[in-house]
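Asks: Would you be able to build a 3D model of this:
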Amino acid sequence: MDNVNVIKEGIPAIIEAARAVRGAEVIDVLGGDLAFDGLTTIPMVAIPAEGGGITLHSVKNEVDAWRLEHATRPTRRMGTATLEELDSFIQHAIRFKDDGSAIFVSGGAMAPKFTSVLDYHPKGAAEEADPRFGQHRGVYAPAFSDEWKAWKAADGAALSQAAFSAFITANVRDVFDVEENHPDRLTEAPTWYAKRFGGKRDPGKFYANAQRLLELAEGLTVTVEDRVSDVARRDTGETKISFESKGTTDIEIPVAFVIELPIFTGGDPYQLPVRLRFGLRTEGDTRRATWRIELFGRDRTVLACVAEMRVAVAEKTGLPVFAGSPE
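Replies: Next comes the predicted model:
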């Protein structure tokens, strides 16, 4: 049943309802640019207003209610499907797409989101191509993985020895052992970082492995009897801390390590270099360690991951993909 028949067959019921309202009547308003499907006028309910004049009310709600009760299908597809996986988003778009469909990517590195507008406007000026409603959509907002959320929360925070120990112990599985896995498995970001800050050192020697981080996490609590005789930055980038007690003990703090983890739940793993910083603070008669970890290229890595997803969406759906939000 088309729109013309729906309105024509629904009008008698609307008239009857209007007559129940004292003084109300249904009038035809010239449609002009609003006319559609061969209709040149649009029925409106005219209700006398207090103090004179009338107010016009659309019959659309009544027509829609009538259609829900009597029609076999809706006038058009409407609604937004929320997809929980990238592949489901792609398959949903493929299922309903046509020549006018389009996809938008918004949210940046903080809250990326993919939106498919399946009844989007066709190409060309409005007078050349009829605009459409844009009310049939699909949305996919990739969820950040638990691993990524943990490291992001710790990024840049000042951690006590206890907090650093707890964090490293809980997340050491994400540390990528460069020496054990060979430097040739490093991706672009950690490779560049090692060349920039490690000089000619082999990346396997420059980056700390998981075992070294666990050793540092075991504890550095220094009493006033253990005097810090020297804190120096070596040519290799490490920080050397010398303690004097019954003898001299040197502890080297590595410059950085590498983590490898999925950015989004169920996604491929990405590598990031992590800068490791160390300091000492005095609390009463005790000097305590303070740690800080800094993710290098954090937002850039998220955007790179989203860019790869965007390429996959474009290739598999065959639809144009725009950066931004639909109108």
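Asks: Quick check: pLDDT value at the nearest residue to residue 99 once chain neighbours are set aside.
Replies: Once flanking residues are discounted, residue 99 sits nearest to residue 122: 6.8 Å by C-beta to C-beta, 6 or more residues apart in numbering. C-beta here means a position set from N, CA and C on the backbone, and glycine is covered the same way. For residue 122, the pLDDT comes out at 87.
Asks: What residues does residue 122 make contact with?
Replies: 99-100, 129-130, 132 (C-beta atoms under 8 Å, 6 or more residues apart in numbering).
Asks: 10 Å instead, please
Replies: Neighbour list for residue 122: 98-102, 128-132 [criterion: C-beta atoms under 10 Å, 6 or more residues apart in numbering].
Asks: From the residues you listed, list the buried ones, please.
Replies: 100-102, 132 (16 or more other C-beta atoms under 10 Å).
Asks: Tell me the one of those nearest residue 326?
Replies: The closest of those to residue 326 turns out to be residue 102 (C-beta to C-beta; 7.5 Å).
Asks: how far out from the middle of the chain is the biggest helix by length in the chain?
Replies: Across the chain, the helix with the greatest residue count (assigned by DSSP state H) is helix 298-317. Counting by C-alpha atoms, centre = their mean, to the nearest Å, helix 298-317 is centred 11 Å from the centre of its parent chain.
Asks: next helix or strand past that helix?
Replies: On the C-terminal side of helix 298-317, the nearest following helix or strand under DSSP states H and E is strand 321-323.
Asks: which helices and strands does that following strand pack with?
Replies: Secondary-structure packing of strand 321-323 (3 or more C-beta pairs under 10 Å, 6 or more residues apart in numbering; DSSP states H and E): strand 102-106, strand 113-117, helix 298-317.
Asks: ok, and for that strand, which residues are buried?
Replies: Buried, per 16+ other C-beta under 10 Å, within strand 321-323: 321-322.
Asks: Contacts for that strand next, please.
Replies: Contacts of strand 321-323 (C-beta under 10 Å, 6+ apart): 102-106, 108, 114-117, 120, 307, 310-311, 313-315.
Asks: Could you pick out the buried ones from those?
Replies: Of those, these count as buried by 16+ other C-beta under 10 Å: 102-105, 114-117, 120, 310, 313.
Asks: tell me what whichever strand or helix holds residue 288 is packed against?
Replies: If you go by DSSP H and E, residue 288 is part of strand 286-295. When contacts are defined as 3+ C-beta pairs under 10 Å, 6+ apart, strand 286-295 sits against helix 146-154, strand 158-160, helix 161-171, helix 210-217, strand 221-223, strand 248-253, strand 256-262, strand 269-283.
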